[in-house]
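In: I'd like to go over a predicted model; first the sequence, then the structure.
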Amino acid sequence: MANYHDNKEFIGIDFAANEIQIAEYEECSFKQCNFESVDLSGWSFMECSFDQCNFSNARLNGTAFKMVSFNACKMLGMNFMDCNSFLLSFDFTDCQLNLSSFFRLKIKQTAFKSCILHEVDFAETDLSSSVFAECDLYLAVFDRTKLDKTDFRTASNFSIDPENNSLKKARFSKSALSGLLHKYDLKIE
C-alpha cells in the first residue's frame, strides 16, 4: 500500500538519494526538491505545488498529476505521455521543459507561462483553450495537434502548419504570423 501524505510541506529533499516507495500526496507543497531520474511510476499528486524542483528525466509510468502547479522547475526530457491520463491537469510557470513529450495527451486549458519549451513534442495532443504566454517554442512539434482557441499571442519561435493542425479561433499576434507560414519559406517584412 502506498504512503499517504496530506497537506504537508517538503523543502530541500533529495528524493533521488533516498530509497523511496510509491506514495500519494494531496494538497502538499514541494520546494527545492530533487526528483531527477527518480522512478515516480504509480505515484499520485493531487492539488500539489512544486517550486524550484528538478524533475529532469524522471520516469512517469502511471504517475497521476491532478490539478498540479509547477513553478520555476527544471523538467528536461520528461515523458508526460506515460502519465495516468485520468483527470490529468497541471500548469507550468517559468519552467524548462526542453525535450519533453506530451504526445497524444488530452490536456485542454493548460497554462504555460514564461516557459522554455525547446523541442517539446505536442504531436496529436489536445491543447484546446490552452495558453502559451511568453513561451519559447523553438523546434516544438505540432503535428495533428488540436489547438482550437489556444492563445499564442505572446509565444515565440513556434512553427505550426495550419494544414496539419486544428486552429479554429486560436489567437496569434500579427508579428508572429510567420510561425504559421514557415513551411512556405516566405520572406515576411
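Out: Good, I have the coordinates. Not measured: the values here are computed from a predicted model.
In: can you pull out the residues in contact with stretch 105-114?
Out: 80-81, 83, 85, 88-95, 97, 125-135 (Cβ atoms under 8 Å, 6 or more residues apart in numbering). Every residue, glycine included, has its C-beta placed from N, CA and C.
In: ok, 6 Å please
Out: For stretch 105-114, contacts defined as Cβ atoms under 6 Å, 6 or more residues apart in numbering pick out 91-94, 125-126, 128-135.
In: give the buried subset of those residues as a ChimeraX selection command.
Out: A single ChimeraX command suffices to select whichever of the contacts of stretch 105-114 are buried according to 16 or more other Cβ atoms under 10 Å:
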select :91,92,93,125,126,128,129,130,131,132,135
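In: go through the contacts of stretch 105-114 and flag which are in strands.
Out: Among those, the members found in strands (DSSP state E) are 91, 92, 93, 131, 132, 133.
In: ok, so of those residues, who is nearest residue 69?
Out: Set against residue 69, the nearest of the ones in strands among the contacts of stretch 105-114 by Cβ to Cβ is residue 91 (5.4 Å).
In: may I have the beta-bridge partners of residue 112?
Out: Residue 112 forms beta bridges with residue 92, residue 132, as assigned by DSSP bridges.
In: how near is it to residue 38?
Out: Counting by Cβ to Cβ, to the nearest Å, the gap from residue 112 to residue 38 is 23 Å.
In: and these two? which has more neighbours close in?
Out: residue 112 (25 against 22; other Cβ atoms under 10 Å).
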